[in-house]
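Undergrad: Just the structure for this:
(2 chains)
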Amino acid sequence: MAAMIEIREVTKRYGNFTAVDRLSLEVPAGELFAFLGPNGAGKTTTIKMIAGLLLPDAGSVHLCGYPMGRDGRQAKAQLAYVPDEPFLYEKLSGREFLDFVAEMYGLTPEAKQRRLDDLIDRLEMGTFLDKLCEGYSHGMKQRTVLAAAMLHEPRVLVIDEPMVGLDPKTVRTVKDLMGEMTRRGGTVFMSTHTLEIAEAMADRIGIIHHGKLVAVGTVDELKANADRDTTLEDIFLGLTDEEGDARPFGPAAKRDQPEHETGS
Amino acid sequence: MSAAPGLASAELAADTFMLPSRVGLRLLLRLRMTVLRNTVREALRTQPFRIAGTAMSILLIWAGLYLLLLMTFRQVQQQVLEGIVAVPLIFTFFFLALTGMLAFSNAILSYGSMFRRKESEYLLVAPIMPRDIVLVRYLESLMLSSWSLLLLGLPLMMAVAEVFQETWSFYPLFLGLFLLFIPLPGALGLVLAWLIALVSPKTPKRTMTLILVFLGLAGAWWVWSIFRAPVTSSAWLKNFYDRVSLVQNAMLPHTWVSKGINCAVQRQTSLATFYLWVTLANALFASLVAVAIVSWGYIPAFARAQVAGSGTARRSGRMIAWVADALFAYLPRRQRLLAGKDLRTFFRDPLQWSQMAILLGLLMLYVSNVQRLWTDLADPRLQLVIGFLNLTAVSLILATFTSRFVFPLISLEGQQLWLLGLLPLPRSRMVVAKFLYALTITLVAAVAVMGVSVYRLQLPTPVAVLHVVTIGSICFGLCGVSIGMGARLPVFTERNPARIAGGFGGTISLLLSVGLVVLSLVGVGAMSARNEMGRETTETMLLWMAAIMGVNVVSAAAAMIVGIRYFNRLEV
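TA: So this is what the prediction gives:
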C-alpha cells in the first residue's frame, strides 16, 4: 500500500540537543497510527515536521508523495493538523471560522453546506456555533477545531492529544470520525499519552524515546516481542525507562529503522 | 491538478488544491475585517465606559501635545533668525526619532505576529501562500503604526498650521507625506523581525534590547559630542552643523519627509509635491522588497523561531536573591520572599529593566550635564526653575513607569492566586508586600536621580531637601495608587503586562497618577516661579512639604484600602 506519510532519516537539532535522531517511518493509507513517547521524547517535533512547521536538519518528509519542505503547499492541501493547544479566532463565531476554513480549502458552497450539516450534527455544535469562540468551553473549542480539520476531507489527519478535556460522548464521536476516515482510505497520525486509547484505536503504534523510534508495530507485535506476557503500559515503561538502554524493538522497528540502527 | 501517484483508490475529496495568491490575500483581509467588526461590536456592547475612558485619555494626550507644540513653535517663531534655522531642524529630529520608534515598534509587532502568534502556525499548515500571510502581517503592523499619525502627526499639523497661518494646500501635503513615510520604517521593521528570527531565534528579546541599547548609547554619544565644547564658541557652531548634516543626508527617508513638510510650511507647493512623490516611490519600493525577502525566507525563519526559549540558560538567582535580601531587609520573611520573586521577574524581563534603565539613564545623563547649558546657572531664579522642571520630568516619568509596570503586578499574580492563596499569608499582606516592593525600587531610582540633579544645580539645602522629600512623597503616592488600583481593577484574563496597563484600569491609574503629580507639584512650582525659596527654610516651605507628604500618603492609603477591600472579597 502507498505510504501517505513517509519520513526518511529525519533529524532535528536544537543547538547541541538532538530532538529527533534519524527517524524513519511510513504510515500507509487507511491506517490509524498512534505515536507514543514520554515528555520531551520528540513527538511534537516530529509532528511539526510532518505539518511543515519545522524543517528537518537532515532527511525528508513526504505527504501523499509530495515533499513537505520549504514550499509544501501541495502536501499541505492533503493535510489537517490539530495541535495540542488548538487555535481558534476568539472574535469569530464558530460558523464564521468554519466558513473561512471552507473557503481557504476551496470548497464549493454546496460541498461546504453538506459537510457542515453533517459535522454540526455529529459533533452537536448547533447550540453554540453562532456565538463568539471566546466564550466556548474547552470541549466546544475542541469540537470546533475538529470540525474545521475534517471539513475539507483531508487525506492525512495529524492530531496531537485529541481526547484531552473531552467528555466521554465527544470522545466516542471523535473515535468514530477517525475510524471512519481510515476506513475511507485516509490516514490518521495521532500523538497521545493515553495508552488505553492507543491500544483500543491504533492499527500500529510507534514509541519514540530520546528522538529515536524504539518500537513500532501492532499491539500484538509489540506484545509478542516482549519477553513475557505483558501490557502496553509495561512495554512503554520498559522502553522509555531512563535507567535502561532503549533499543529498537519489534519487527516493524527493524523494517523502518535504517540498517545501521537495527543491525539488519 | 494531479494527485499523488498510487492514490487512486483513496475515496477522499481533497485534491492538490492551492489557493491562488490574490484569493488568499482577499480571504485573509476579509477575515481581519470580520474579526475587527466583531471586536468593536463586542467592546461597544460590554465595555462602553472603558472605550469612553480610553478615548478621553487619548483626547487629553492629544490636546496636551498640541498645546506643547503650539507653545514651542510660537517661541521659535518669535526669534526670527533662530526660527528660520530651528523649524527645519525640529522636523528633521522629529522624523528621525519617529523612524527609530516606528522601525522598532514594527519589528516587535511583526515578530510577534509572524513568529509567535498561534494563528501563524495555523495558517502555515493551510494551503495559503506564505507571501499572503507576510503581506497581511505587514499591512496590520502599518495600520497599528498609523496611530502615530493620530497621536503625534495631527497635533503637529494643527500646531504648525495655527502658528504659520497655513493655506489649505498644507493639510493634504502634510497628511500625504506623513502617511507615506510610515511604510519606510515599517519595511525596515519587517526585515529586522525576520533577521532576528533567523539569526537569534533563542533570545529575540535580548537581541532587540541590545540593538536598542547600542543605538541609545550611539545617540547619547552623538549628543555629547555636540555639546562637549563651550556652546558660545564659533567652533561649537561649526561642530554642531557638521554633526547635524549627518542626519540631514539627502538619502535618508526622514530627510525627504521633513524637507517636504518644511516646503509645505513655506508654501513651496511644487517642491513639497516632489518630495511627496519621492517618498511614495520609495515607500512602495521598500515595501515590495521587504515583503519579497521575508516571504521568501518566512518558513525557514518560522521553523527557527520555534526554538525560542529552548536554550534558556540555567539561573541560580543567587545574585538577585542577595540584592533582594539587602533591599527588602526591613520586610518580614514571607513578604521578603514575595518581593524577591518580583525582583527576579523584573530583572529577567529585559523589557522592564531596559525601559527603566533607558529612561533613568537618559535623565541621569541630562542632570549630570545640566551645567553645560548655555545659560547662567548662577542666577538663583533659573536654578529654581530648572530644578523644578527636573522634578516635574522625574515625577511624570515615575507616573508612567508605575502605571506601566507597577499597576499590572496584582493582575499578573492573580493567575497564580490559587497557589498564593494556599500560603499562610493574608491577601492584604500580599498587596502591601507589592506596594513595598514597588516603593523600594522606585524610591532608590528616583532619589538617586533627584540627588544628582540638586547636587549638580547646587541648589540651596532647604530647596534640595524640598525636592528630595517631594520626589519621595510622590513615589509613595504613585506606588499606592498603582497597587491600589491594580487590586481594585485587576485583569486576570490577560498575561501581557502591556495590555493590562493599556486597559481601562491602567488608564484610570495613569490619569490618577498624573493628577497626583500635578497636585503635588503645584505648590513647588508656584514657589519656584515667584522665587520664594531661598537659603533659609521658611514656614511656607515647611507647610508645602507637609501638604505634599499628606496628599500623597492620603492618596496612597485611600487607593490601597479600596484595592485591599475588593481584593479580599475577590473569588478567582
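
Undergrad: switch to C-alpha atoms for all contacts and neighbour counts from now on
TA: Will do.

Undergrad: is it fair to say B:T39 lies in a helix?
TA: Yes. Under DSSP: H, G, I helix; E, B strand; the rest coil, B:T39 sits within a helix.

Undergrad: Determine the number of other residues adjacent to whichever residue of chain A sits closest to chain B.
TA: Distances between chain A and chain B by C-alpha to the nearest C-alpha are smallest at A:L54, namely 4.5 Å. Here the number of neighbours of A:L54 (other C-alpha atoms under 10 Å in any protein chain shown) works out to 25.

Undergrad: so what's the closest residue in space to it that isn't next to it in sequence up against?
TA: Excluding its sequence neighbours, the residue lying closest to A:L54 (C-alpha to C-alpha, 6 or more residues apart in numbering or on different chains) is B:A303, at 4.5 Å. Contact analysis of B:A303 by C-alpha atoms under 8 Å, 6 or more residues apart in numbering or on different chains lists A:53-55.

Undergrad: Would you format these as TSV with distance to B:I51 and pLDDT included?
TA: Formatted as TSV, the contacts of B:A303 follow (distance: C-alpha to C-alpha, whole Å; pLDDT from 0 to 100):
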residue	distance to B:I51	pLDDT
A:L53	38	88
A:L54	41	89
A:L55	44	88
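
Undergrad: can you tell if the longest helix seen in chain A touches chain B?
TA: Using DSSP state H, we find that the single longest helix of chain A is helix A:168-183. No. Counting by C-alpha under 8 Å from any C-alpha of the partner chain, chain B has no neighbours in helix A:168-183; the shortest distance is 8.6 Å.

Undergrad: buried set for that helix?
TA: By neighbour count on 16 or more other C-alpha atoms under 10 Å in any protein chain shown, the buried set for helix A:168-183 is A:170-171, A:174-175, A:177-179, A:181-183.

Undergrad: Please apply the same query to stretch A:12-30.
TA: Within stretch A:12-30, the residues that count as buried by 16+ other C-alpha under 10 Å are A:12-14, A:19-30.

Undergrad: Quick one: mean pLDDT over that stretch.
TA: For stretch A:12-30, mean pLDDT rounds to 90.

Undergrad: does chain B sit close to it?
TA: Yes. Judged by C-alpha under 8 Å from any C-alpha, stretch A:12-30 and chain B are in contact via A:14-15, A:29.

Undergrad: Alpha carbons only: can I get that stretch in PDB?
TA: Taking Å, rounded to 0.1, in the frame of the first residue of the first chain, the C-alpha atoms of stretch A:12-30 are listed here in PDB:
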ATOM      1  CA  LYS A  12      16.200  17.800  14.000                       C
ATOM      2  CA  ARG A  13      18.500  19.500  16.400                       C
ATOM      3  CA  TYR A  14      18.100  22.500  18.700                       C
ATOM      4  CA  GLY A  15      21.600  23.700  19.200                       C
ATOM      5  CA  ASN A  16      23.500  20.800  20.700                       C
ATOM      6  CA  PHE A  17      20.300  18.900  21.600                       C
ATOM      7  CA  THR A  18      19.100  16.300  19.100                       C
ATOM      8  CA  ALA A  19      15.300  16.300  19.400                       C
ATOM      9  CA  VAL A  20      14.700  13.700  16.600                       C
ATOM     10  CA  ASP A  21      17.500  11.400  15.600                       C
ATOM     11  CA  ARG A  22      17.500   9.800  12.100                       C
ATOM     12  CA  LEU A  23      13.800   8.800  12.400                       C
ATOM     13  CA  SER A  24      12.300   6.800   9.600                       C
ATOM     14  CA  LEU A  25       8.700   5.800   9.400                       C
ATOM     15  CA  GLU A  26       6.000   5.000   6.800                       C
ATOM     16  CA  VAL A  27       2.300   5.200   7.500                       C
ATOM     17  CA  PRO A  28       0.100   3.800   4.700                       C
ATOM     18  CA  ALA A  29      -3.400   4.800   3.600                       C
ATOM     19  CA  GLY A  30      -6.200   3.600   5.800                       C
END
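
Undergrad: where are the low-confidence patches of chain B?
TA: B:1-22, B:80-83, B:148, B:228-233, B:308-317, B:350-351, B:369-378, B:415-424, B:529-537, B:571-572 (pLDDT under 70).

Undergrad: Show the residue spans covered by the strands in it.
TA: With DSSP state E, there are no strands along chain B.

Undergrad: again, but for the stretch 151-264 of chain A
TA: A:156-160, A:187-191, A:204-209, A:212-217 (DSSP state E, counting those that start in this stretch).

Undergrad: For the ones you listed, please prepare TSV with the additional fields mean pLDDT, distance to B:I211 and mean neighbour count.
TA: Shown next, in TSV, are the strands of the stretch 151-264 of chain A (pLDDT from 0 to 100; distance: least, C-alpha to C-alpha, whole Å; neighbours: other C-alpha atoms under 10 Å in any protein chain shown):
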stretch	mean pLDDT	distance to B:I211	mean neighbour count
strand A:156-160	93	38	25
strand A:187-191	95	41	26
strand A:204-209	93	40	25
strand A:212-217	91	40	26
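
Undergrad: what about the closest residue to B:N390 other than its chain neighbours, how many residues close to it?
TA: Using C-alpha to C-alpha, 6+ apart and skipping residues adjacent in sequence, the residue nearest B:N390 is B:S453, 7.3 Å away. Residues contacting B:S453 under the criterion other C-alpha under 10 Å number 26.

Undergrad: Check A:Y89 too.
TA: With other C-alpha under 10 Å as criterion, A:Y89 counts 16.

Undergrad: can you give me phi and psi for it?
TA: Backbone torsions of A:Y89, given as degrees, to the nearest 10, read phi -80, psi 110.
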